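Student: missing the sequence, but the structure's below:
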């Protein structure tokens with residue numbers, strides 16, 4: 001069945017690529033071969049109402065691990081409802097210096113303009129993690145066309161911080177346990193200071209794509225901004241329905257005693273609809289809530305949490321910088337103590353899902369991403385296997401369930417010449433679900449034990 005589906009999709013896509021009017025509509029098409037670059041493919045969604053005799057908005061998507069269909073699936077309901085084309089790369093990558101991201105931008109721009117009738121004033125971009133930074137950068141490459149960027153799990157590209165030259169609006173989405181949480185909050189404050197329309201939402205999760213409803217809200221916010229900015233005709237009935245629906249959600253929050261969340265959403269309502277609709281008593285409501293002790297206390301506590309989080313992050317990077325550059329290699333126990341891993345684990349366990357508990361979880365995630373990915377990548381590249389082992393050992397005590405941490409430990413121990421620990425860690429990785437035999441086949445560090453019976457036995461478990 002999968003084979004037949006693939007054949008039918010291939011025939012359908014080749015038909016549409018060869019004849020511009022034969023476009024598959026209302027379905028996720030993946031993979032679609034690029035006409036610009038034969039080495040690339042895309043994942044596409046074309047709304048069922050698409051016709052080439054009018055101009056259509058388009059959303060370019062940059063997934064962090066080349067999984068193009070993920071954002072298509074998340075945005076397709078909104079795309080169908082609001083008539084957006086979704087154009088997603090199967091080759092964009094985050095944190096990879098060899099990633100063909102510039103080629104991805106060129107291929108997507110060329111193919112989309114060849115195949116579709118696009119509204120050049122309503123081109124949007126989204127991405128996850130490093131893909132979000134790529135989407136931000138696209139706004140500077142095509143400033144006249146890029147109307148908005150939806151950044152998930154990360155903010156601006158380091159080469160292009162927000163400034164008066166930022167011509168697009170911004171919608172940020174991140175998990176409340178995402179290690180980039182504070183970055184996202186600060187970016188919204190920077191954009192507000194520059195008077196650039198922006199919104200940031202946080203969902204219950206970590207560093208990951210959000211549930212589809214957050215993607216739909218992002219598209220709806222972009223539709224609203226397009227009306228405010230004159231990029232599309234105003235729709236009074238739609239505006240009124242949006243306003244009433246959001247006001248109803250706010251009143252439910254008030255009735256459930258979520259006063260601070262309601263207060264923030266009242267402010268968002270004012271920012272979005274002022275000048276578009278009669279706001280009624282919204283301005284008075286905001287003023288009244290602003291003067292309550294409960295709101296003042298909540299704002300003060302959040303500010304203190306942000307300052308505490310930044311202080312911890314500064315301390316982490318100072319500690320990890322010393323670990324990376326000093327001549328002496330600390331033990332796993334010492335590095336773990338210097339980073340206060342046990343302290344944050346206790347705070348996360350004790351406080352659960354309250355703000356202090358979530359803060360502790362975010363701090364652990366920051367330590368984890370540094371010790372499991374960024375530092376080991378650097379150390380293994382330098383063949384500094386001892387430091388890689390210490391770093392990954394700390395990571396394994398934060399998230400022992402992640403198989404790729406144990407796989408990386410196996411690589412590091414093999415580089416260090418310890419066959420026994422190599423096999424032990426590779427076995428743990430497989431027991432925890434490691435399935436990527438291709439990684440092992442391509443990892444030259446394993447060459448000395450490639451024909452070892454124990455090693456071959458472990459490989460057979462993956463193949464099975």
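Tutor: Thanks, I have the structure now. Just so it is clear, the model here is predicted, and its values are computed rather than measured.

Student: for the protein, what spans make up the strands?
Tutor: Under the criterion DSSP state E, the chain contains strands at 28-33, 41-45, 56-62, 85-89, 118-128, 146-152, 169-175, 198-203.

Student: In terms of secondary structure, what does the second one contact?
Tutor: Contact partners of strand 41-45 among helices and strands, from 3 or more Cβ pairs under 8 Å, 6 or more residues apart in numbering; DSSP states H and E: strand 28-33, helix 69-82, strand 85-89, helix 101-115. From N, CA and C alone the C-beta is placed, and that goes for glycine too.

Student: which non-adjacent residue is nearest residue 126?
Tutor: Of all residues not flanking residue 126 in the chain, residue 150 sits nearest, at 3.9 Å (Cβ to Cβ, 6 or more residues apart in numbering).

Student: let me redo that: residue 190
Tutor: Residue nearest to residue 190 in three dimensions, not counting chain neighbours: residue 162, with 5.0 Å by Cβ to Cβ, 6+ apart.

Student: and what of residue 207?
Tutor: residue 178 (4.7 Å).

Student: Now do the contacts for the one you found.
Tutor: Residue 178 sits next to 153, 184, 205, 206, 207, 208, 362, 365 when contact means Cβ atoms under 8 Å, 6 or more residues apart in numbering.

Student: Pick out the one among those with the largest number of neighbours.
Tutor: With neighbours set by other Cβ atoms under 10 Å, the maximum within those is found at residue 153, which has 29 neighbours.

Student: Could I get the contacting residues of residue 26?
Tutor: Applying Cβ under 8 Å, 6+ apart to residue 26 gives the contacts 46, 47, 48, 80.

Student: repeat that with 7 Å
Tutor: Neighbour list for residue 26: 47, 48, 80 [criterion: Cβ atoms under 7 Å, 6 or more residues apart in numbering].

Student: For burial, what's the neighbour tally of the last one?
Tutor: As a burial measure, residue 80 scores 17 neighbours (other Cβ under 10 Å).

Student: right, and it touches residue 50 too?
Tutor: No: checked against Cβ atoms under 7 Å, the pair residue 80 and residue 50 is beyond contact range at 10.1 Å.

Student: returning to that earlier point: let's have the helices and strands packed on strand 41-45 in CSV, adding mean pLDDT and distance to residue 420.
Tutor: Shown next, in CSV, are those (pLDDT from 0 to 100; distance: least, Cβ to Cβ, whole Å):
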stretch, mean pLDDT, distance to residue 420
strand 28-33, 93, 43
helix 69-82, 97, 39
strand 85-89, 97, 42
helix 101-115, 94, 40
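
Student: among the ones you listed, which is the most enclosed?
Tutor: Mean neighbour count (mean count of other Cβ atoms under 10 Å) peaks for strand 85-89 among the helices and strands packed on strand 41-45, with a mean of 27.

Student: ok, residues contacting that one?
Tutor: Identification of contacts with strand 85-89 by Cβ under 7 Å, 6+ apart yields 42-47, 56, 58-63, 68-69, 71-72, 75-76, 79, 104, 108, 112, 116.

Student: what's the answer for stretch 430-439, then?
Tutor: Here stretch 430-439 has contacts from 401, 403, 404, 406, 407, 458, 459, 461, 462, 463, using Cβ under 7 Å, 6+ apart.

Student: In contact with residue 357, which residues?
Tutor: Residues in contact with residue 357 (Cβ under 7 Å, 6+ apart) are 347, 348, 351.

Student: Got a ChimeraX select line for the buried ones in the residues you listed?
Tutor: Buried subset of the contacts of residue 357, written as a ChimeraX selection, criterion 16 or more other Cβ atoms under 10 Å:
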select :347,348
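
Student: and which of the contacts of residue 357 is nearest residue 25?
Tutor: Nearest to residue 25 among the contacts of residue 357: residue 348, at 46.9 Å, using Cβ to Cβ.

Student: my read: residue 121 touches residue 232, true?
Tutor: No: assessed by Cβ under 7 Å, residue 121 is found out of contact with residue 232, at 8.5 Å.

Student: who's more crowded, these two?
Tutor: residue 232 (19 against 16).
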